[in-house]
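Trainee: Need a 3D model of the following:
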Amino acid sequence: GMSLELDALPPSKLAVEFLGTAQPSSETVVDTLQQARFGSAPGRMYQPWKAQVVENRRITPESHWQDVRNISFDLSGAPFTYRPGDVLLVHPRNPKPLVEDFCRDVLAGRDPNEWVRIRGPVDFPSVLRLGELLEAHVDFQAMPGRHFFELIAHFATEKHERDRLAEFCSPEGQPEFFAYNNRERRTFLEVFQDFPNTRPPFERVLEWIPRLRPRQFSIASSLAACGSSP
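Mentor: The predicted model follows:
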């Protein structure tokens, strides 16, 4: 099989401690949505707000290949207004069944209800439930780049998996890598499912999978005309 020369990994910047399913008594556990820091814009912070969806209507014909939707939210009581040219940031969440799959297949069957403490530079609460961490903050449905395969190769315990990862990372293996990863739009979770004997520690997984970031959407309404329903 093909071999892969691996540089030594630097120490992880994160440390993860699993605390069990009972709520930690000595920690102040905050509501993740209100605590979340979405980054900053000039002069102000983005303000997360839990809004009710009041309409989700497709505006392209069913026969059209593109599914474009008009989605209305009730922003009654929201501590902000919007003007022409503003965008709405929607913070997505991973589906609970996929979170359960991740816990089962990547974390050796960990309970999503377990509490975890993360020490190190993170932009989410340092103490929260594992399921909430994976659902709201870890973008494991994204497509990994080639460097991710080099990183996880350090933890491949079976020769055939090491060989396949080495092939993906080699110049001559790029057509095979493109067919496997890019053409199929493989996700981080699916890669781990395809390489069941390649399991980095959870702190490495948190470092290597990007954060689940807000998505920007155009606001198609006028505050003066629509009031609290953009």
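
Trainee: what kind of secondary structure is Val116 in?
Mentor: Under the three-state scheme (DSSP: H, G, I helix; E, B strand; the rest coil), Val116 adopts strand.

Trainee: which residues sit in contact with it?
Mentor: By CB atoms under 8 Å, 6 or more residues apart in numbering, Val116 lies in contact with Val16, Glu17, Phe18, Leu19, Val127, Leu128, Arg129, Leu130, Leu133. All C-beta atoms are positioned from the backbone trio N, CA, C, and that covers glycine.

Trainee: State whether the second one is indeed within a strand.
Mentor: Translated: Glu17. Yes - the assignment for Glu17 by three-state DSSP puts it in a strand.

Trainee: how close does Leu89 sit to Arg164?
Mentor: According to CB to CB, to the nearest Å, Leu89 and Arg164 sit 38 Å apart.

Trainee: More neighbours: the two, which one.
Mentor: Arg164 (23 against 17; other CB atoms under 10 Å).

Trainee: hmm, back to that, please pick the buried ones from the contacts of Val116.
Mentor: Neighbour counting with 16 or more other CB atoms under 10 Å marks Val16, Val127, Leu128, Arg129, Leu130, Leu133 as buried within these.

Trainee: Write down the beta-bridge partners of the first one, one by one.
Mentor: The one in question is Val16. Ile118 (DSSP bridges).

Trainee: show me what contacts it?
Mentor: Residues in contact with Val16, defined by CB under 8 Å, 6+ apart, are Val116, Arg117, Ile118, Arg119, Pro201, Phe202, Glu203, Leu206.

Trainee: and Arg58, what does it touch?
Mentor: Residues counted as contacts of Arg58 (CB under 8 Å, 6+ apart) are Asp67, Val68, Arg69.
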